[in-house]
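Enquirer: Pasted the sequence and its predicted model underneath.
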Amino acid sequence: MDKEIFEVEVSNGSSEGYQTSTVLTMPCTQAELCDALQKARVQDVKTCRNELTRIRYPGITADMIGRNVDLLELNLLALRLTMLGEDDRMGLDGLLQIEKENHTAPFPLSRLINLTFNADICLLAPQVSDTQELGALLYESEMLSDEAMALADTMEDSDFRERLLELLGEQHQEEHGGVFTSWGYAEPGGDFKEVYRKGEMFCFSRPSAPVVLEVSKGFFSDPSYDNDKTAILNLPASDADIWRAVGEVDAASLEECAFRCIDCEIPALRDAIDNAIDQEGGIDMASEFAKALAQKQRAWEETDWIKYKALLSVAGHPSLQDALQLMHGLDDYDLRPEVAETWDYAAAVLREKYPDLPEELFQTPQAAMVGRQMLEENHAVITDYGLLRRRDSGQLPVFRQEQTDAPAWGGMEMT
């Protein structure tokens, strides 16, 4: 099953919210949700505006979910959908169709979430596509009443017999509330359980930690030695925690393990963490970086985190060592979240000298072009988090992929 279920556009609901809207893929981690809200300039997840832009789950449509839903519940629904096996997906397909026939969309997310917990109550008949085939299945399985079985037995293969089986299938479907889906027939076969109630279940897939690694055993082309076991390792970690994870995947040493970053306080640095582990052959650098993040969790305000993310986003392809270096000296930079477009920058600069300039002047292509020129002259960049510049008007650091020592100090090219 595809692990990416929903794409949702998040915005702050203001008249200019489209300028800072961002697309969030679900299921997501808490850090990814927080990052999306920061990009969209949203203060409270419960009040942001959102709209589904893509659904990667057959049978679920945007009309079923609606707009401006609870993002935490939507994320839980996405997570639940990734956890369903093949039979449960068929069962859920049937429940969704029953829901559509009995209720008007959109459906409460709590109801859809509970459908995922009840997908196993369905009785399934794959490849049964109509009531005649359903009647035939009931007859072959001796699930009809004695009278119906006796009547069908007296008939030879004929149109009359097929029509009888069709009528018996129709009767069974109506009595049991069954539906025909793209893969076959389904009907509820047990009591519906209300497992989820709003606000009572954790909506994120992983525990909160500065860096979270998935640990697996390396492949050695030996089926008797390989396995599919995985373990979760939260960084920073003690030696005991690391060896616990090694033991959980039945590895004899760290060298036999593979590591993959599945969550980070800074989502954009997951690849850098994986690269650091692969290049160094271990997790020392990742542990050092996680320890630094843990320290910043105690010291930084939210504005510091946003500024750091903005700085990373203009730095090209920083390594984990580069990212550690950029943690220092944040006071040298200025971030203005209210500046989201080049014409915003032109307006901000010009109004410092000419505060009475009309708003209409800045809503033109010429204003956008002037803003781009000003950005280049002042070595400033508009990031997903707002305008970033050095307070001394110096050039911003740019790291290249092949560069590991010092940053190349240069302006960013605007497009």
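Expert: Happy to help now that I have it.

Enquirer: To what extent is L138 buried, counted in neighbours?
Expert: By the criterion of other CB atoms under 10 Å, L138 has 22 neighbours. For the C-beta atoms, the positions are set from N, CA and C on the backbone; glycine is no exception.

Enquirer: these two touch, right, it and H172?
Expert: Yes: checked against CB atoms under 8 Å, the pair L138 and H172 is within contact range at 6.0 Å.

Enquirer: Within its local environment, how many residues does the spatially closest residue to V179 that is not a sequence neighbour see?
Expert: Nearest non-adjacent residue to V179, counting by CB to CB, 6 or more residues apart in numbering: Q97, 4.4 Å away. Q97 has 17 neighbours, counted by other CB under 10 Å.

Enquirer: tell me which element Q97 falls in.
Expert: For Q97, the element it lies in under DSSP states H and E is helix 86-102.

Enquirer: What residues sit buried inside that helix?
Expert: Across helix 86-102, burial judged by 16 or more other CB atoms under 10 Å covers 88-100.

Enquirer: The residue nearest to V179 contacts T181, doesn't it?
Expert: Yes: using CB under 8 Å, Q97 makes contact with T181 at a distance of 5.9 Å.

Enquirer: which intervals of the stretch 101-250 of the chain have sub-threshold pLDDT?
Expert: Flagging of the stretch 101-250 of the chain using pLDDT under 70 yields the residue ranges 156-157, 201-208, 219-225.

Enquirer: Quick one: the strands in it, in order.
Expert: With DSSP state E, counting those that start in this stretch applied, the stretch 101-250 of the chain shows strands at 122-126, 179-180, 184-188, 211-217, 230-235, listed in chain order.

Enquirer: Figure out which of these is closest to Y385.
Expert: Closest approach to Y385 among those (CB to CB): strand 211-217, 21.0 Å.

Enquirer: Let's see stretch 143-159 as PDB, backbone CA atoms only.
Expert: The C-alpha trace of stretch 143-159 is given here as PDB (Å, rounded to 0.1, in the frame of the first residue of the first chain):
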ATOM      1  CA  MET A 143     -26.500 -21.100   2.500                       C
ATOM      2  CA  LEU A 144     -30.100 -20.800   1.200                       C
ATOM      3  CA  SER A 145     -33.200 -21.900   3.100                       C
ATOM      4  CA  ASP A 146     -34.200 -25.600   2.700                       C
ATOM      5  CA  GLU A 147     -37.200 -24.500   0.600                       C
ATOM      6  CA  ALA A 148     -35.000 -22.400  -1.700                       C
ATOM      7  CA  MET A 149     -32.400 -25.200  -2.000                       C
ATOM      8  CA  ALA A 150     -35.100 -27.800  -2.800                       C
ATOM      9  CA  LEU A 151     -36.700 -25.500  -5.400                       C
ATOM     10  CA  ALA A 152     -33.400 -24.800  -7.100                       C
ATOM     11  CA  ASP A 153     -32.600 -28.600  -7.100                       C
ATOM     12  CA  THR A 154     -35.700 -29.300  -9.100                       C
ATOM     13  CA  MET A 155     -34.800 -27.000 -11.900                       C
ATOM     14  CA  GLU A 156     -32.500 -28.000 -14.700                       C
ATOM     15  CA  ASP A 157     -29.900 -25.600 -16.000                       C
ATOM     16  CA  SER A 158     -32.200 -23.000 -17.700                       C
ATOM     17  CA  ASP A 159     -33.100 -19.400 -17.800                       C
END
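
Enquirer: right, and the strands of the stretch 101-250 of the chain - which one's nearest R111?
Expert: It's strand 184-188; of the strands of the stretch 101-250 of the chain, that one is closest to R111 (CB to CB) at 14.6 Å.

Enquirer: measure the residue of the chain positioned farthest from its centre to R89 for me?
Expert: What lies farthest from the middle of the chain is T154; by CA atoms, centre = their mean that is 58.3 Å. Distance, T154 to R89, using CB to CB, to the nearest Å: 41 Å.

Enquirer: Please apply the same query to D271.
Expert: Relative to R89, and taking CB to CB, D271 is found at 31 Å.

Enquirer: Give me the phi and psi angles of Q366.
Expert: phi -60, psi -40 (degrees, to the nearest 10).

Enquirer: hmm, back to that, output the contacting helices and strands for the helix holding Q97.
Expert: helix 109-117, strand 122-126, strand 179-180, strand 184-188 (3 or more CB pairs under 8 Å, 6 or more residues apart in numbering; DSSP states H and E).

Enquirer: closest one to M143 among the ones you listed?
Expert: strand 122-126 (10.5 Å).

Enquirer: neighbouring contacts of that closest one?
Expert: 87, 90-91, 94-95, 134, 137, 183-189 (CB atoms under 8 Å, 6 or more residues apart in numbering).

Enquirer: Please apply the same query to stretch 298-314.
Expert: Contacts for stretch 298-314 (CB under 8 Å, 6+ apart): 35, 38, 265-266, 268-269, 296, 318, 323, 326-327, 330, 333, 335, 337, 381, 383-386, 388, 396-398, 412.

Enquirer: Might you report the residue contacts of the closest residue to A186 other than its chain neighbours?
Expert: Nearest residue to A186, sequence neighbours excluded (CB to CB, 6+ apart): G94, at 2.7 Å. Neighbouring residues of G94 by CB under 8 Å, 6+ apart: 122, 124, 178-179, 181, 186-187.
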